[in-house]
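Engineer: Sequence first, then the predicted structure:
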Amino acid sequence: MENTKYAEDYSLSEFLVTASARELNDNETIFAGVGIPTLGALLAKLTHAKNAIIATECGGIGPQPKRIMLGIGDNPGVEDCLIATSLWRLFSDQQRGYFDVGMLGGAQVDKYGNLNSTTIFGDGDYYTPATRLPGSGGANDIASSAKRTLIMIPLQKRRFLERVDYVSSPGYLEGYDSREKVGLSRGGPSSIITNKCIFRFDPVSKEAYLDSVHPGVTVEEVCNEVSWDLKVSPDVKITEPPTVEQLTLIRMLDPNQLYTGDGLKNITFEKYIDMLENSLLSF
Amino acid sequence: MENTKYAEDYSLSEFLVTASARELNDNETIFAGVGIPTLGALLAKLTHAKNAIIATECGGIGPQPKRIMLGIGDNPGVEDCLIATSLWRLFSDQQRGYFDVGMLGGAQVDKYGNLNSTTIFGDGDYYTPATRLPGSGGANDIASSAKRTLIMIPLQKRRFLERVDYVSSPGYLEGYDSREKVGLSRGGPSSIITNKCIFRFDPVSKEAYLDSVHPGVTVEEVCNEVSWDLKVSPDVKITEPPTVEQLTLIRMLDPNQLYTGDGLKNITFEKYIDMLENSLLSF
Amino acid sequence: MSDNLKKKADKRMSLGEAVAELVKDNSVLSFSGMGGAQCVAQTYEVIRQRRKNITLIGDSPCEAGDLLAGAGVLKKMEIAFCAYAVAGLGDNFRRAVEKGIPHKIEVEDYSNYTIGLRFLAGAINIPYIPSKSLLGSDLPKYNKNIKIDKDPYSGEPISLLPAAHPDVAIVHVSRADMRGNGQMFGFSSNAENMARAAKHTILTCEEIVSTDEIRKFGNLTIVPEYCVDAVVELPYACHPWNMPFAYAYDIPFHSKQLAQFKTREGFEQWINEWCFSLKDHEAYLEKVGYKRLNDLARIERKFCKLNY
Amino acid sequence: MSDNLKKKADKRMSLGEAVAELVKDNSVLSFSGMGGAQCVAQTYEVIRQRRKNITLIGDSPCEAGDLLAGAGVLKKMEIAFCAYAVAGLGDNFRRAVEKGIPHKIEVEDYSNYTIGLRFLAGAINIPYIPSKSLLGSDLPKYNKNIKIDKDPYSGEPISLLPAAHPDVAIVHVSRADMRGNGQMFGFSSNAENMARAAKHTILTCEEIVSTDEIRKFGNLTIVPEYCVDAVVELPYACHPWNMPFAYAYDIPFHSKQLAQFKTREGFEQWINEWCFSLKDHEAYLEKVGYKRLNDLARIERKFCKLNY
């Protein structure tokens, strides 16, 4: 169980790790993305979701890594795992409905939680884009078949659009029952976690609304960064900050701030190997 | 290489084991059926086809059993095997075209090598048959996708028909290119091995013709047991009998004549366990 | 209910409890195993609890198919094959289909591979899957669930098979933990897909081991805990059939059994003696005799040594 | 030719020989690995032999996709994702698609799962396979090979994916025998299906072992010899990426590499220094340094001990 003494001094990314961890429940099968979401899943597993099963795209199910996971195909994904299998089998289990929650990011999101991680048209189009993004990867599959998804994306007007340029990952499409109509019988986003606030979705219209703002953030600030006429919850909450316990664990999970800072830029090989050695001991 | 000194004294089933073994080549992947065909495959592997790979339906590929295989799901199918996998994967490899030869039996066969192992209509039909047979099992899949098939069936007029009651396993259907026309791009039977002779198929019409008679059998005898006007090869051969080496190996493979005699009927548990122990030593 | 069971950390039950809880009359059942590794103890328990109007989906469920047919449990069979291979024919199956004894059973014919594909489609949750099997044969003529279609990409003919989603799959593996992670040594027939395709899965195993032991060999786990409702430790569950890396085929026993199945009376005697008059699988094993079972395990180890 | 190679008892070749023999200009290529276990050495060899007009099919082939794009080897990419995940974006991929540097590449967008399904369909030799992915998204709008259809059984909407049959699959596994039976420890991404789906398969491995060793663990064999044309022993083939149960991810190396890829000049420098000016993978390993490689293997063993 969680220790509810709140931490004083934490970074934004540390805050986001705890925010994502709080969206996960015990006994869930979690399709973890890279970076902050992975840390969130690992943190949840070390606190309130000890029986959660983490799945990584390459084919590792239920690992118990004693180190940070540097990507969805990193070895920690099969470290002491319950099942080492293949990508197609793991995604098939998700299509069958065995995965409770998936974590997604993207470059653009719209009011119905549709995500774009493929291309930004700018003055061009799909064939001659202003910016070519990496592509869907597994995001479309997670968005189509996970029982629910969490979206993590920075709050910026250019990212929060009435309609994304290109739907890489379906949210609620045009809202209401339009998702079911195209043949997606389950799923859809349950929340959008940003650097300033958390959005949730209206059960009927499926439109995103402001549910909570992070400490020190105003509702107006949020509305200014959204391109549509944002609906706001009648009782907007303040997002719960990290507890002391959570913060301690995050710093154990990512001691060199590869995710929670810019540790990646300047880490040497020697420091990296030491980090791994120490991580083995600290768990 | 084979020792070509021929044996004097052998049973019909021993003769059939060698006849089926001779249809197999080195380096082939062989989908082995139960009984005589399995013995044929094991005999071939011990003589002229040392690099042949035996596949058994349950999912064992490339076993090297030191004992008789009592069925397609018996443990010898995974004994020292190269690959222990699943039924669906093994059959998928066949559908992909990786299996060279399959061995089939049945209750009825017709002039184009179509097989019936499902039902004998008699005065009834599919829904109320005179005799319900076990069904296709994997035979339809082998007949559809193996690069070629061997058929083993006793020569009897009631079995050798102009057209089978029910096509469980497609041979050349109505002959000529009718097999390709239905979407089967490869395969079809290369020979029918019976207790009296061996049939092969005309490359153009795809009709079965008499290719060789077993020692002491006349062409007339064979024609009397076939329901259609049988075509006969201009130079009918005498089927090659077992060599001394082959016979020795067959009797090592099936010391209690479970397949080559009626050993199965009266084997006691103690004799059975002893047989297995001894088999371990004799290999 | 199902989700609750699938989320439990300790899913252990007795076979009797698992069948009572999950296997209902008028439902669709599948058993793992093919040739070897067949679910014999599990079949006897379904008969013992006198289930009715069951539809059986399976590739070549000899023992389950023939015993359930003889015991009058079945309404319909969607299968490729029903006989005991080397040991003999399925006389109960034949009597039911040919003479309606004890009652008529509807048979829907498939091939082993196309049944395997139906479980694959069910496991990955696609409504149907194409195949090149069955083309040109008479199976589609009498089985309307097999569709002959054209590949929309090439226009070539192709057969289509509907996904299989049994109400309950009973799947037997070498070992499992109490959460339901199942590992198989040797061939797995269609076990991994049946377990995923079914609405409810009863995972039986020769041996229950710790989750730490499972984690040592993650590559061997073919059944994930999240599709399992119940875990049952059931040693020698396949007797008289063989179980890979565990025990050899008891064909002398099987020959006697099938000789008795030649007549309806013989079968009724057998099912009373070996099923109804025995409390459970434990009693069956006592009756077979542990010396005999031990001999079958001992001889198997001499041919197939486990290296895990 | 292909069949002859697939039937050989000893398929060992050097990587240079295998690529020279089997990988032709204007052909379709696939590499195994996803996130980790990526075919880096194999990609450098294809670049070193200056192949042209290659179509790449893969789920998320970061290293292969970005390096081949930068080296001007690619005509088309049928992929789900091209970036280095944690280490950074695929700047070569972006320059090619956005600015046609060194030349324009056609991109056909899929998702990781639907690429996985295309290889599954290719491996089991069905012309196409349905999925629930891609429904409602914009991928089918711009990719005509994805068909939105109706399930003939239920009438429900479904997406269809065409089977993938690369001319050559280059598949990297933990170990293999010289006949081409490949075993994998840990995740296998789509390796087992790529190897079967391709017309020709080059099987590379960290270690070649005896066939007897393979037989000890038949359950671990994911690639059968009958689909393999060449076997190449290629230790540390994935560096700087990780290989399960073998070596850890060398992310400090990757960070430096990708910093240099930010400019076209930087990439050209890199590819000259690390590919063209090196004779083979052996020379690459010498340049990285065996002390460093050994450290990556040593640290990995502390987290993941092999129990086979």
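Structural biologist: Great, that's in hand.
Engineer: correct me, but C:Tyr52 touches C:Asn26?
Structural biologist: Let me fix one detail, which is that residue C:52 is Lys and not Tyr. Yes: judged on CB atoms under 8 Å, C:Lys52 makes contact with C:Asn26 at a distance of 7.3 Å. Bear in mind the C-beta positions are built from the backbone N, C-alpha and C, glycine included.
Engineer: Can you pull the phi and psi angles for the residue nearest to C:Ala80 when sequence neighbours are not counted?
Structural biologist: Of all residues not flanking C:Ala80 in the chain, C:Asn112 sits nearest, at 4.5 Å (CB to CB, 6 or more residues apart in numbering or on different chains). Here is the backbone geometry of C:Asn112 (degrees, to the nearest 10): phi -60, psi -40.
Engineer: Contacts only, for the residue in the stretch 51-200 of chain A that chain D sits nearest to.
Structural biologist: Nearest residue of the stretch 51-200 of chain A to chain D (CB to the nearest CB) works out as A:Gly73 at 1.6 Å. Taking CB atoms under 8 Å, 6 or more residues apart in numbering or on different chains as the contact definition, A:Gly73 lies against A:56-58, D:33-38, D:85, D:187, D:189, D:241-242.
Engineer: Just the strands from the stretch 1-150 of chain A, written as ranges.
Structural biologist: Taking DSSP state E, counting those that start in this stretch as the criterion, the stretch 1-150 of chain A contains strands spanning A:29-31, A:53-56, A:60-61, A:83-84, A:101-104, A:108-110, A:115-116, A:119-120, A:131-132, A:148-152.
Engineer: Which one of these lies nearest to B:Pro242?
Structural biologist: Ranking the strands of the stretch 1-150 of chain A by proximity to B:Pro242 (CB to CB) places strand A:83-84 first, at 48.4 Å.
Engineer: Out of the contacts of A:Gly73, list just those in strands.
Structural biologist: A:Thr56 (DSSP state E).
Engineer: And the helices in chain A, which stretches?
Structural biologist: A:12-21, A:36-46, A:87-95, A:139-145, A:178-181, A:219-224, A:244-253, A:269-282 (DSSP state H).
Engineer: before we move on, the earlier item: what distance do you get for the closest residue to the residue of the stretch 51-200 of chain A closest to chain D other than its chain neighbours to C:Thr211?
Structural biologist: Residue nearest to A:Gly73 in three dimensions, not counting chain neighbours: D:Gly35, with 1.6 Å by CB to CB, 6+ apart. Taking CB to CB, to the nearest Å as the measure, D:Gly35 falls 25 Å from C:Thr211.
Engineer: and the two? which has more neighbours close in?
Structural biologist: Shown here are D:Gly35 and C:Thr211; by other CB atoms under 10 Å in any protein chain shown, D:Gly35 has more neighbours (31 against 17).
Engineer: from memory the more buried one sits against D:Asp59, does it?
Structural biologist: No: using CB under 8 Å, D:Gly35 is not in contact with D:Asp59; the gap is 9.6 Å.
Engineer: where do the contact lists of those two overlap?
Structural biologist: D:Ser189.
Engineer: Please list all residues in contact with A:Tyr209.
Structural biologist: A:Tyr209 touches A:Phe199, A:Arg200, A:Phe201, A:Asp202, A:Leu230, A:Lys231, A:Val232, A:Ser233, counting by CB under 8 Å, 6+ apart.
Engineer: Can you lay out those as a markdown table showing distance to C:Asp91?
Structural biologist: Formatted as a markdown table, these follow (distance: CB to CB, whole Å):
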| residue | distance to C:Asp91 |
| --- | --- |
| A:Phe199 | 66 |
| A:Arg200 | 63 |
| A:Phe201 | 61 |
| A:Asp202 | 64 |
| A:Leu230 | 73 |
| A:Lys231 | 70 |
| A:Val232 | 74 |
| A:Ser233 | 70 |
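Engineer: Most neighbours of all the residues you listed, which one?
Structural biologist: Within the contacts of A:Tyr209, neighbour counts (other CB under 10 Å) peak at A:Phe199, which reaches 27 neighbours.
Engineer: Touching, that residue and A:Glu207? I think so.
Structural biologist: No: using CB under 8 Å, A:Phe199 is not in contact with A:Glu207; the gap is 9.7 Å.
Engineer: which residues sit in contact with residue 158?
Structural biologist: The chain I'm using is chain A. Counted by CB under 8 Å, 6+ apart, A:Arg158 has contacts A:Gln108.
Engineer: wrong one, chain C
Structural biologist: When contacts are counted by CB under 8 Å, 6+ apart, C:Ile158 touches B:Gly183, C:Pro130, C:Ser131, C:Lys132, C:Leu135, C:Ile148, C:Asp149, C:Lys150, C:Asp151, D:Ile126, D:Pro127.
Engineer: try A:Glu180
Structural biologist: Counting by CB under 8 Å, 6+ apart, A:Glu180 has no contacts.
Engineer: what's the distance between it and chain C?
Structural biologist: In this view, A:Glu180 and chain C are 16 Å apart by CB to the nearest CB, to the nearest Å.
Engineer: Check the gap between that residue and D:Pro140 for me.
Structural biologist: For A:Glu180, the distance to D:Pro140 - CB to CB - is 18 Å.
Engineer: Kindly report the same for A:Leu281.
Structural biologist: 50 Å.
Engineer: now A:Thr239
Structural biologist: For A:Thr239, the distance to D:Pro140 - CB to CB - is 37 Å.
Engineer: Repeat that for C:Tyr249.
Structural biologist: 51 Å.
Engineer: between those two, which one's more packed in?
Structural biologist: Legend: neighbour count by other CB under 10 Å for C:Tyr249 and D:Pro140, higher for C:Tyr249 (28 against 17).
Engineer: Contact partners for the residue nearest to the more buried one when sequence neighbours are not counted?
Structural biologist: Excluding the flanking residues, the one nearest C:Tyr249 by CB to CB, 6+ apart is C:Asn242, at 3.9 Å. C:Asn242 makes contact with B:Gly73, B:Asp74, B:Asn75, C:Gly36, C:Ala37, C:Ala248, C:Tyr249, C:Glu300, according to CB under 8 Å, 6+ apart.
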